[in-house]
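[1] turn this into a model:
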Amino acid sequence: MIEEFHKLNRRQQRRLSMPEYVRYREQLRQYDFKNNSRIKGIRKRKLYHWFLLPLIVIGRLANRQKLHILADKRTRTKKPVIYACTHIGYYDIIITIEAIKSPCYLLLSGPEAIYRTFEGWLAETNGVICMNAYSKPDRRIAKETAIRLLRQNGSLLIFPEGAWNITENLPVMKLFRGAVDIALQTGAEIVPIAIEQYEKDFYVNIGRNIKYPDVQADTQVLTDALRSELCTLKWEIWERFPVARRTAFSRDYGARFVEDILAEGRYINAKEMLEAERYHDKNVTAPAEAFAFMKQLNPRRENAFLFRN
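    Coordinates of the predicted model:
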């Protein structure tokens, strides 16, 4: 229970096992949300941000990674900003933070992967809103915390696809509506960003500010429009490269590409996790769901045709 929660000092936290620590951090988020009406340290973290940027650049160079910013069409605004970026892999966060330069908090799902790591220290110092994507109360707290942040004139980096896009043919997967919903509630502007990775080369395309004067507008319609804008930005990256024929690639190219992307992260059962965390449209039945009944079938003459290749 939150009422029985007691904060631990750093020494006590270090004694916790990782599962215990993950649970403690989730309880701490609930406690802080209940007992603090405002987010503390926003101005301080904006200052820290400028000291962290050189560390991020040094880390990228140490990894022999290159950053290419194709365009930056955003305009200055006095309103808070939500940076909505496509999601392709493990390095999206630090690459995007370097590309946009401006201070912003990060909305992070599955933070246990960076707990007690240098990346985790960077995120905490920069400013981060963590959440357990599988916990409805924690998702609600994260959303409300993001709203508090923007109303205190902070900015936010969010990846509305919810998971890395490792699909074969979708420039941008369907988006969660949270980014648009939060923008409507706070008056924030959304800056769309597309990112693409080719081995150690990262290409970033920053679009124009999207404003939402009509707070009564349909959230789903606006989310679909945001997805279209992100697709356009991604397509503009692709246009910079020559057309390649499918025959020029080996049959297992797609599978090897996915394996390389997953290997960059530090997740166990990464593919299953990404499938679970991406947006699932309730009106669309996935092939795996459509054919789930096959696992219960006993092959007989009457249904033998279902088992043909």
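[2] for this structure, which segments count as strands?
    Listed in chain order, the strands of the chain (DSSP state E) span residues 66-72, 81-85, 105-109, 128-131, 156-158, 189-198, 201-206.
[3] residue 31: which of those strands is closest?
    With C-beta to C-beta as the criterion, residue 31 lies closest to strand 128-131 of the strands of the chain, at 13.6 Å. From N, CA and C alone the C-beta is placed, and that goes for glycine too.
[4] state the distance from residue 35 to residue 7.
    Going from residue 35 to residue 7 by C-beta to C-beta, to the nearest Å gives 10 Å.
[5] that should have said residue 105, apologies.
    Where residue 7 is concerned, residue 105 sits at a distance of 22 Å (C-beta to C-beta).
[6] more neighbours, these two?
    Legend: neighbour count by other C-beta atoms under 10 Å for residue 105 and residue 7, higher for residue 105 (24 against 11).
[7] just give the nearest non-adjacent residue to residue 222, would you?
    What sits nearest to residue 222 in space, not counting adjacent residues and going by C-beta to C-beta, 6 or more residues apart in numbering, is residue 180, at 4.6 Å.
[8] still on that earlier bit, with distance to residue 249 as added columns, please give the strands of the chain in a markdown table.
    As requested, the strands of the chain are exported to a markdown table (distance: least, C-beta to C-beta, whole Å):
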| stretch | distance to residue 249 |
| --- | --- |
| strand 66-72 | 23 |
| strand 81-85 | 27 |
| strand 105-109 | 32 |
| strand 128-131 | 37 |
| strand 156-158 | 33 |
| strand 189-198 | 13 |
| strand 201-206 | 18 |
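[9] residue 137 is nearest to which of the ones you listed?
    Between residue 137 and the strands of the chain, the shortest gap by C-beta to C-beta is with strand 128-131, which sits at 9.8 Å.
[10] within its sheet, name the partner strands of the closest one and how each one runs.
    Sheet neighbours of strand 128-131, with direction, are listed as strand 105-109 (parallel) (DSSP bridges).
[11] what's next to the partner strand, contact-wise?
    Strand 105-109 is contacted by residues 45, 93, 97, 114, 123, 126-133, 142, 146, 149, 154-159, 162, 277 when judged by C-beta atoms under 8 Å, 6 or more residues apart in numbering.
[12] need the contact list for residue 84.
    158-160, 179, 190-193, 226, 230.
[13] what's the answer for residue 148, then?
    Residues near residue 148 by C-beta under 8 Å, 6+ apart: 37-39.
[14] and the contacts of residue 84, which are buried?
    Among the contacts of residue 84, those classed as buried by 16 or more other C-beta atoms under 10 Å are 158-160, 179, 190-193, 226, 230.
[15] under the pLDDT cut-off, which ranges of the stretch 1-150 of the chain? List them.
    For the stretch 1-150 of the chain, the stretches with pLDDT under 70 are 1-3.
[16] what of the stretch 201-309 of the chain?
    Scanning the stretch 201-309 of the chain for pLDDT under 70 picks out the ranges 265-294, 309.
[17] all helices for the stretch 51-200 of the chain, in order.
    Secondary structure of the stretch 51-200 of the chain (DSSP state H, counting those that start in this stretch): helices at 92-100, 118-126, 136-151, 178-186.
[18] if we can go back for a sec, closest to residue 19 among the contacts of residue 148?
    Residue 19 lies nearest to residue 39 out of the contacts of residue 148, by C-beta to C-beta, at 27.4 Å.
[19] run a quick neighbour tally on that closest one.
    Neighbours of residue 39 (other C-beta under 10 Å): 20.
[20] for residue 242, same thing?
    4.
[21] how about residue 142?
    Neighbours of residue 142 under the rule other C-beta under 10 Å: 22.
[22] tell me who's in contact with the residue nearest to it when sequence neighbours are not counted.
    Nearest non-adjacent residue to residue 142, counting by C-beta to C-beta, 6+ apart: residue 131, 3.6 Å away. Applying C-beta under 8 Å, 6+ apart, one finds that residue 131 lies in contact with 29, 107-109, 111, 138-139, 141-142.
[23] could you find the residue nearest the spatial middle of the chain?
    By C-alpha atoms, centre = their mean, the mean C-alpha position of the chain lies nearest to residue 159, the distance being 3.2 Å.
[24] my guess is it meets residue 92, correct?
    Yes: the pair residue 159 and residue 92 passes the contact test of C-beta atoms under 8 Å, sitting 6.8 Å apart.
[25] what touches both of the two?
    Both residue 159 and residue 92 are contacted by 85-86, under the criterion C-beta under 8 Å, 6+ apart.
[26] quick one, domains of the chain?
    For the chain, automatic domain parsing gives the domain ranges 1-36, 41-282.
[27] closest to residue 300 out of these?
    Residue 300 lies closest to domain 41-282 among the domains of the chain, at 31.7 Å (C-beta to C-beta).
[28] next one: that closest one to chain centre, how far?
    Its chain's average C-alpha position is 5 Å from that of domain 41-282, according to C-alpha atoms, centre = their mean, to the nearest Å.
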